[in-house]
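J.: Quick one: sequence plus predicted model below, questions after.
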Amino acid sequence: MSTSGKGGCSVSAAPVFSAASIAGCIFTVLVSIALPVAALAVLKRKTGRGLLAALVGAGCFIGYALVLEQLLHAAVFSLFPAITLYPAAYTAYGCLAAGLFEETGRLMGLSLLCKKDRDLALGVGYGIGHGGVEAALLAGVNAAVNAAVMLGAPAAPQVTDALGAAGAGAFWAAGVERIAAMALHMALSILVWMAVTRRVPIWYYFAAVLLHAAANIPAALSQLGLLRSMWCSEGIILAVNAAVCLFVWSVYRKACVHRPLAG
């Protein structure tokens, strides 16, 4: 949309953002930042534990997923640039790499935490830290910037145009996806905690790697354009993550219901 200014110049009008879009961004900020903080506060109040585990979880995510995994990607894409032309290979590689690095970080972090204290709160706290920092860095900060722009903060025309073109549903979906991802990280942290504390065999760590990889498949297919419907992609993500959570709950009930949670 444009209007004619002095001298006949065409000036682009700033897009008008809907209340639903602004609310969606604020929702995602709250989910990505406030929710993990609140969950950690509740855990700390109820158990007296969790803060150190959350810090370790956040640190392991940054170190393993944002540093080491990205170094591997840089090497692989440099050596095999054509991998992006083969959707099956690209999806398998990306999902397995994410599962391997994040779950190995989880295994190392929880092994360190559980040397002297084997309480379930450590697994829960680790999951809050891991999932919370991922949510904050991958969605919360971006949503906060988007909300600021929508509310009038200065931004490049390309940014405002892109935000104006996006439907309100996209901003809400980002928050919903973060809730599902944080639930996944909580579940996988409890699964690896059970393996570390020998409540289940150590091979459950490998199960966590595969479950994590499977949960990443819908997002990978969406990035490749093979899942064009945003809501279809989000629906599959929710279903897969819910299935993983139910699986971990069933394992936990069998392994821990008749055992003390503190070692």
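T.: Cool, got the structure. Residues are numbered from 1 along each chain as shown.
J.: my guess is residue 248 contacts residue 192, does it?
T.: No: in this structure, residue 248 is not within contact of residue 192 by C-beta atoms under 8 Å, at 9.9 Å. Any C-beta I mention is one placed from the backbone N, CA and C, and that applies to glycine too.
J.: Who has more neighbours out of those two?
T.: Neighbour totals were compared for residue 248 and residue 192, and residue 192 leads with 30 against 23 (other C-beta atoms under 10 Å).
J.: low-confidence ranges in the stretch 1-150 of the chain?
T.: 1-15 (pLDDT under 70).
J.: can you give me the strands in it?
T.: 2-4, 10-12 (DSSP state E, counting those that start in this stretch).
J.: ok, residues contacting the host helix or strand of residue 209?
T.: Element membership for residue 209, per DSSP states H and E: helix 204-223. The contact list for helix 204-223 (C-beta atoms under 8 Å, 6 or more residues apart in numbering) reads 87, 90-91, 94-96, 98-100, 102-104, 106-107, 184, 188, 191-192, 194-195, 227, 230, 233, 236-237, 240-241, 244, 247, 251.
J.: now the helix or strand just after that helix, how far from the chain's geometric center?
T.: The helix or strand immediately downstream of helix 204-223 is helix 230-256, counting by DSSP H and E. Chain-centre distance of helix 230-256: 14 Å, with C-alpha atoms, centre = their mean, to the nearest Å.
J.: any idea of the pLDDT on residue 231?
T.: What the model reports as pLDDT for residue 231 is 87.
J.: which residues sit in contact with it?
T.: Residues in contact with residue 231 (C-beta under 8 Å, 6+ apart) are 169, 173.
J.: Report the buried residues of stretch 165-178.
T.: By 16 or more other C-beta atoms under 10 Å, the buried positions in stretch 165-178 come out as 168, 171-178.
J.: ok, of these, which one's closest to residue 28?
T.: Of all the buried residues of stretch 165-178, residue 28 sits closest to residue 175, with 3.7 Å by C-beta to C-beta.
J.: so that closest one sits right up against residue 139, yeah?
T.: Yes: with contact defined as C-beta under 8 Å, residue 175 reaches residue 139; the gap is 7.3 Å.
J.: joint contacts of the two?
T.: In contact with both residue 175 and residue 139: 28, 31-32, using C-beta under 8 Å, 6+ apart.
J.: now those as a markdown table including neighbour count?
T.: Converted to a markdown table, these look like this (neighbours: other C-beta atoms under 10 Å):
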| residue | neighbour count |
| --- | --- |
| 28 | 27 |
| 31 | 22 |
| 32 | 29 |
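J.: Check those residues against residue 115 and report the nearest one.
T.: Comparing the shared contacts of residue 175 and residue 139 against residue 115 with C-beta to C-beta picks out residue 32 as the nearest, at 31.2 Å.
J.: Okay, that closest one and residue 91: tell me how far apart.
T.: From residue 32 over to residue 91 the distance is 25 Å, taken as C-beta to C-beta, to the nearest Å.
J.: That'll do, ta.
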